[in-house]
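Asker: Just a sequence and a predicted model for now, questions to come.
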Amino acid sequence: MPETMKKPSLQRIIPDALKAFCQRALSAAGLSSKDHEIVASALVLADSMGVFTHGTKLLGGYLNRLRGGGYVPQSQPIIAREGPAWAIVDGANALGQIGGAFAMNVAIEKARTFGVAYVGLKNTGHIGAAGYYAVLAAQTGMAGLVLGNDIPSVAAPGSRGPVLGSNPLAYSIPVPGGDPILLDMATAAVAGGKVYAAFQRGEAIPDTWLVGTDGKPTTDGKLYPHEASLAPMAGHKGYGIALWAEILSAVIPGGAVTWQVGSWMFDEPSKPSSHNAAFLAIDVMTISGIDNFTKTIQGLIQEIREAPPAQESNGVQIPGQREWAQKRDSEKNGIPLPQDVLAKLNQVAIDWNLSTPWNQG
């Protein structure tokens, strides 16, 4: 999933209790039981894995937009056009988790017949952690790939301002007998949420995260996003991948591109954000053969893990290894929610007259 945040030793919340709180809040905003289950599951999974920038910290912003009308509580995504191995889904301004889960499930079902399927999702809300949808595919034995677009916040090589969004890319590969491989990354040097979180906690940021209006690096977190842009991941390489994400997630489905996408955090709550995403499902077990795929993927993982470690290193990890370990710890001991996340959730409790399963201090 996106870059994991540093996790201080804090009050721990049982995942099921946190999920139930989110469901009550979303229900109060008008979501059906089916829909609030999807959204709450996505948010709590991110927190359980230690990805606090894309977890329940987002709940308050989503609720404000649901109350304001920019996101429509009872709206449901529909298939606008489709072929045997592809579809275009209109998210109908529902929450992005609802449109995203629907779109990935369409891709999975089509891939069961044709081996590979692409689904483009337009007119949806902010999708949150892209890795959530990739995991949905892996849980059915398929490889999943997810890309998305956003309002521009990332500079391109040679620019003095934002050109593209921090367009995410995530994939998940099933591993028989083990955790799925999982990568979820922004195509910026760092996810924007990590800049907000560091600034809110009073932490210094590296000079590789932001680019000022003069096109030079800056360490002043308060300038983002209005007076600074995120730096692209790996320079021109990240810029190129972000452009590919823009094309697959927005251009091909016919959705909003670049500045046509709204800011779900800063626009008036009555405005839709018009986010877009792309979902690919690949039936790797059928294409490769179950026995061959199992033997090869397990052998590949073992080979990587047995690579000689560098000095003062614990060795090479598989993408997602740390997140799955953190999820198991969270399920056993509770999620160590940072204070900035708890503050956001406490405000939700006040705004929506809800009790909390934790001490609000």
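Answerer: Thanks, I have the structure now.
Asker: switch to C-alpha atoms for all contacts and neighbour counts from now on
Answerer: Noted.
Asker: Low-confidence stretches in the chain?
Answerer: Residue ranges of the chain with pLDDT under 70: 1-10, 361.
Asker: the strands in the stretch 101-250 of the chain, which residues?
Answerer: Counting by DSSP state E, counting those that start in this stretch, the stretch 101-250 of the chain has strands at residues 116-124, 143-148, 154-155, 162-164, 168-173, 181-186, 210-212, 217-218, 228-230.
Asker: To Q311, which of the ones you listed lies closest?
Answerer: strand 181-186 (25.0 Å; C-alpha to C-alpha).
Asker: Other residues contacting the helix or strand E323 falls within?
Answerer: Counting by DSSP states H and E, the element that carries E323 is helix 321-333. Defining contact as C-alpha atoms under 8 Å, 6 or more residues apart in numbering, one finds that helix 321-333 is touched by 1, 4, 12, 14-15, 45, 48-50, 179, 181-182, 335-336.
Asker: Determine how far the last residue of stretch 110-128 lies from the first.
Answerer: End-to-end distance for stretch 110-128, by C-alpha to C-alpha, to the nearest Å: 24 Å.
Asker: Buried residues, that stretch. List them.
Answerer: 110-112, 115-128 (16 or more other C-alpha atoms under 10 Å).
Asker: Show the residue spans covered by the helices in the stretch 51-200 of the chain.
Answerer: Ranges of helices in the stretch 51-200 of the chain, per DSSP state H, counting those that start in this stretch, are 59-68, 96-114, 131-138, 192-200.
Asker: who wins for proximity to L354 among those?
Answerer: When the helices of the stretch 51-200 of the chain are compared by C-alpha to C-alpha, helix 59-68 sits nearest L354, at 12.7 Å.
Asker: For the closest one, name the packing helices and strands.
Answerer: Here helix 59-68 touches helix 15-28, helix 339-351, going by 3 or more C-alpha pairs under 8 Å, 6 or more residues apart in numbering; DSSP states H and E.
Asker: angle of it against helix 96-114?
Answerer: 100 degrees (axes from the mean of the first three to the mean of the last three C-alpha atoms, to 10 degrees).
Asker: Check the offset of helix 59-68 from the chain's centre.
Answerer: 18 Å (C-alpha atoms, centre = their mean, to the nearest Å).
Asker: ok so, going back, quick one: which of the strands of the stretch 101-250 of the chain is nearest G192?
Answerer: Once these are compared by C-alpha to C-alpha, strand 228-230 is nearest, at 7.2 Å.
Asker: where's that closest one relative to the chain centroid, distance-wise?
Answerer: Relative to the chain's own centre, strand 228-230 is displaced by 20 Å; criterion: C-alpha atoms, centre = their mean.
Asker: Give the other helices and strands that it contacts.
Answerer: By 3+ C-alpha pairs under 8 Å, 6+ apart, strand 228-230 packs against strand 154-155, strand 210-212.
Asker: how about TSV for the ones you listed, with mean neighbour count added?
Answerer: What follows is those, written out as TSV (neighbours: other C-alpha atoms under 10 Å):
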stretch	mean neighbour count
strand 154-155	31
strand 210-212	27
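Asker: doesn't F199 make contact with D340?
Answerer: No. Applying C-alpha atoms under 8 Å as the test, D340 and F199 come out as separate, 10.6 Å apart.
Asker: so what's V190 closest to, chain neighbours aside?
Answerer: W209 (6.2 Å; C-alpha to C-alpha, 6 or more residues apart in numbering).
Asker: for the one you found, what are its contacts?
Answerer: Contact analysis of W209 by C-alpha under 8 Å, 6+ apart lists A189, V190, P217, T218, T219, L230, A231.
Asker: Now the two most distant members of the contacts of helix 321-333.
Answerer: R12 and I181 (26.5 Å).
Asker: Tabulate the helices and strands packed on helix 59-68 in JSON lines, adding columns for distance to M285 and mean neighbour count.
Answerer: Shown next, in JSON lines, are these (distance: least, C-alpha to C-alpha, whole Å; neighbours: other C-alpha atoms under 10 Å):
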{"stretch": "helix 15-28", "distance to M285": "32", "mean neighbour count": "20"}
{"stretch": "helix 339-351", "distance to M285": "39", "mean neighbour count": "17"}
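Asker: quick one: which of the ones you listed is nearest Q317?
Answerer: Among the helices and strands packed on helix 59-68, the nearest to Q317 by C-alpha to C-alpha is helix 15-28 (25.3 Å).
Asker: From the contact counts, what lies against that closest one?
Answerer: The helices and strands touching helix 15-28, judged by 3+ C-alpha pairs under 8 Å, 6+ apart, are helix 33-48, helix 59-68.
Asker: Good, wrapping up.
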